[in-house]
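Undergrad: Whatever this is, show me its structure:
(one chain, ligands or ions: 2)
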Amino acid sequence: MDKYVPIRDVYAREILDSRGNPTIEVEILAGEKTVGCASVPSGASTGKYEAIELRDGEARYMGKGVEHAADHVNAQIAPEIVGMNVLDQRGLDEVLKRLDGSRNKGKLGANAILGVSMAAARTAAKISERPLYTYLGGVQARTLPVPMMNIMNGGRHADNTIDIQEFMILPVGAPDFREGVRMCAEIYQSLKALLGQRGCNTAVGDEGGFAPDLPDAKEALSMLMDACKMAGYQPGKDMLFALDVAASELYDEKLNAYVFDGESRMHGQKVLRTTDQMIAYYEELLAEFPIYSIEDPLDEEDWEGWVKMTAHLGENVYLVGDDLFVTNTERLKKGIELGAANAILVKINQIGTLSEAFDAVEMAHRAGWQAIISHRSGETVDTMIADIAVAFNTGLIKSGAPCRSERVEKYNRLMRIEEMLGKTADFPCYMDTPVLK
Ligand SMILES: C=C(OP(=O)(O)O)C(=O)O
Ligand SMILES: [Mg+2]
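TA: Ligands and ions are numbered 1, 2, ... in the order given. All right, here's what the predicted structure looks like:
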């Protein structure tokens with residue numbers, strides 16, 4: 001470390017997230033007068049093994065837990081880190097972990113800890129007079145991610161009949177990020193027109209995707225195919241699809257099966273699928289639609305099912321562990337050893353510090369896996385995940401639909417980064433992806 005710039009003040013306050021729930025924002029003053037500010041997102045379909053944010057359960061009403069998180073920053077974290085070098089991100093993150101001392105960061109709160117970790121990075125980047133993505137990633141930070149835009153919402157993110165949580169589009173045929181965003185936005189508008197023509201609701205879910213009452217996932221995917229074509233793009237060539245099933249939300253332990261409530265309502269009979277039936281169902285979907293990845297296809301406890309599914313389908317599709325791995329390198333290591341997936345979703349608030357999230361990306365890349373940087377369904381306008389995706393060359397980002405400012409801000413930030421990088425910017429080509437073969 002070439003420079004020592006002491007942290008002089010740390011302050012957290014309560015603000016609102018995109019669902020109207022309280023969250024926290026942290027400001028850090030370092031050196032003479034440099035202030036960095038960051039805010040923390042929050043999930044709805046949270047994994048059982050995520051780091052604990054202080055607003056879960058009873059603490060969720062009226063920000064009670066969030067006030068505690070802010071108090072923890074102001075009363076317990078601030079005195080310990082004032083005087084530390086803001087340019088030593090890893091050292092700071094280590095101290096934050098030690099101060100909490102619990103396995104799941106439930107003592108001080110993962111939201112309190114992450115807010116400080118993020119704000120420190122932002123202050124440090126300003127002091128270094130470098131954009132955040134270069135401060136975090138160095139000179140090799142130059143890959144823009146392919147956006148995985150979630151344009152149809154279901155599950156816990158909407159009140160409609162679609163049981164699968166997310167239907168995403170990936171502009172793999174785009175020459176650069178900006179063009180990719182344009183293609184996705186056009187398809188989003190086409191989908192809206194199509195839904196209108198077919199008499200479906202065009203209200204949106206938490207992540208800005210449309211939330212119509214459709215009979216099942218096949219119907220939703222057919223709609224995406226039609227919307228692509230209507231916008232002038234060829235599914236399977238210009239565009240690929242991705243699903244986030246968020247299957248832990250569907251799994252019923254007593255029945256040892258996945259319950260598709262929406263599909264049951266639409267078809268007038270109870271639709272249940274066992275693990276084997278789920279795998280067979282995905283195989284059918286893969287045969288019919290150009291699907292690049294399936295996130296959380298099975299329950300977060302079903303390691304055996306994941307191993308079976310990866311052995312069976314892992315050559316043809318990325319199987320992404322979100323609730324399964326919760327950005328935790330211990331769980332990821334187990335998954336890599338077992339062969340229980342071939343990609344990880346990385347959400348910084350699932351683990352609580354930037355350093356630990358970076359470790360998860362690195363571990364995945366070393367195993368030859370994909371890592372996808374992701375927002376949460378409850379977001380703020382903070383754009384740090386855009387810089388993180390570039391810093392770690394993940395080549396993929398999930399940030400919702402091209403509508404709702406808290407989602408769009410991340411895409412807009414990436415367009416600005418692409419401009420800053422100029423000719424050195426790289427945009428991955430996934431045309432050789434297994435589903436296209
Ligand atoms: C973004 C997601 O939703 P949430 O933030 O509700 O976990 C997800 O499950 O990938
Ligand atoms: Mg998910």
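Undergrad: For burial, what's the neighbour tally of the closest residue to residue 236 other than its chain neighbours?
TA: With sequence-adjacent residues excluded and distances taken as Cβ to Cβ, 6 or more residues apart in numbering, residue 236 is closest to residue 290, at 3.7 Å. All C-beta atoms are positioned from the backbone trio N, CA, C, and that covers glycine. Close neighbours of residue 290, defined as other Cβ atoms under 10 Å, add up to 21.
Undergrad: contacting residues around the closest residue to residue 171 other than its chain neighbours?
TA: Spatially, and ignoring its direct neighbours in sequence, residue 171 is nearest to residue 180 (3.7 Å; Cβ to Cβ, 6+ apart). Residue 180 makes contact with 146-147, 171, 174, 427 under the criterion Cβ atoms under 8 Å, 6 or more residues apart in numbering.
Undergrad: One more: residue 36?
TA: So residue 36 contacts 27-28, 30, 119-126 (Cβ under 8 Å, 6+ apart).
Undergrad: A strand includes it, no?
TA: Yes: under DSSP: H, G, I helix; E, B strand; the rest coil, residue 36 falls within a strand.
Undergrad: May I have the beta-bridge partners of residue 37?
TA: Beta-bridge pairing for residue 37 (DSSP bridges): residue 27.
Undergrad: Same question for the one 5 residues further on.
TA: Beta bridges link residue 42 to residue 378 when assigned by DSSP bridges.
Undergrad: Do I have it right that it meets residue 51?
TA: No: applying Cβ atoms under 8 Å, one finds residue 42 not in contact with residue 51, separated by 11.9 Å.
Undergrad: Comparing these two, which residue is more hemmed in?
TA: Counting neighbours by other Cβ under 10 Å for residue 42 and for residue 51 shows that residue 51 has the greater number, 27 against 24.
Undergrad: can you confirm that one is in a strand?
TA: No: according to three-state DSSP, residue 51 belongs to no strand; its state is coil.
Undergrad: Smallest gap between the stretch 101-250 of the chain and ligand 2, at which residue?
TA: residue 244 (4.3 Å; Cβ to the ion).
Undergrad: Does the residue nearest to residue 171 belong to a helix, a strand or coil?
TA: The three-state label given to residue 180 by three-state DSSP is helix.
Undergrad: okay, and for the stretch 301-437 of the chain, where does confidence drop off?
TA: 431-437 (pLDDT under 70).
Undergrad: At which residues are the helices of the stretch 101-250 of the chain located?
TA: 110-127, 132-137, 177-197, 217-230 (DSSP state H, counting those that start in this stretch).
Undergrad: Let me have those in a markdown table, extended by distance to ligand 2 and mean pLDDT.
TA: Formatted as a markdown table, the helices of the stretch 101-250 of the chain follow (distance: least, Cβ to the ion, whole Å; pLDDT from 0 to 100):
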| stretch | distance to ligand 2 | mean pLDDT |
| --- | --- | --- |
| helix 110-127 | 17 | 98 |
| helix 132-137 | 24 | 98 |
| helix 177-197 | 19 | 98 |
| helix 217-230 | 15 | 98 |
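Undergrad: Out of those helices, the one nearest ligand 1 is which?
TA: helix 110-127 (13.2 Å; Cβ to the nearest ligand atom).
Undergrad: which parts of the chain sit against ligand 2?
TA: Within the chain, the positions adjacent to ligand 2 are 244, 295, 322 by Cβ under 5 Å from the ion.
Undergrad: At which residues are the helices of the stretch 301-437 of the chain located?
TA: 303-313, 329-338, 348-351, 354-366, 384-391, 405-421.
Undergrad: low-confidence ranges in the stretch 51-200 of the chain?
TA: In the stretch 51-200 of the chain (pLDDT under 70), the answer is 56-64.
Undergrad: Tell me which of the helices of the stretch 101-250 of the chain is the most buried.
TA: helix 110-127 (a mean of 27; mean count of other Cβ atoms under 10 Å).
Undergrad: Centre of the chain to that one, how far?
TA: Remark: helix 110-127 is offset 19 Å from the chain centroid, using Cα atoms, centre = their mean, to the nearest Å.
Undergrad: restrict the contacts of residue 36 to those near ligand 1?
TA: Taking Cβ under 6 Å from any ligand atom as the test, ligand 1 is in contact with none of these.
Undergrad: By neighbour count, which bits of stretch 195-204 are buried? Give me those.
TA: By 16 or more other Cβ atoms under 10 Å, the buried positions in stretch 195-204 come out as 195, 200, 204.
Undergrad: Next, the contact list for the residue nearest to the second one when sequence neighbours are not counted, please.
TA: Taking Cβ to Cβ, 6+ apart, and ignoring the residues beside it in sequence, residue 200 has residue 212 as its nearest neighbour in space, at 3.8 Å. The contact partners of residue 212, taken as Cβ under 8 Å, 6+ apart, are 152, 160, 162, 195, 200-202.
Undergrad: and the two most separated of the contacts of residue 36?
TA: The span of the contacts of residue 36, defined through Cβ to Cβ, is set by 27 and 125 at 14.5 Å.
Undergrad: give me the number of residues near the residue of the stretch 1-150 of the chain found nearest ligand 1?
TA: Using Cβ to the nearest ligand atom, residue 43 is the residue of the stretch 1-150 of the chain that sits closest to ligand 1, at 3.1 Å. When neighbours are counted by other Cβ under 10 Å, residue 43 registers 20.
Undergrad: Now do the nearest residue to it once chain neighbours are set aside against residue 404, distance only.
TA: Leaving aside its sequence neighbours, residue 43 sits nearest to residue 376 (Cβ to Cβ, 6+ apart; 4.5 Å). Residue 376 sits 13 Å away from residue 404, going by Cβ to Cβ, to the nearest Å.
Undergrad: neighbour count winner among the two?
TA: The residue with more neighbours, out of residue 376 and residue 404, is residue 376; 28 against 17, by other Cβ under 10 Å.
Undergrad: show me what contacts that one?
TA: 41-43, 347, 349.
Undergrad: any chance of those residues in a markdown table, plus distance to residue 264?
TA: Output for the contacts of residue 376, formatted as a markdown table (distance: Cβ to Cβ, whole Å):
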| residue | distance to residue 264 |
| --- | --- |
| 41 | 32 |
| 42 | 29 |
| 43 | 25 |
| 347 | 30 |
| 349 | 33 |
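Undergrad: Residue 216: which of those is nearest?
TA: residue 43 (25.1 Å).
Undergrad: What residues does the closest one make contact with?
TA: Residue 43 neighbours (Cβ under 8 Å, 6+ apart): 50, 347, 349-350, 376-378.
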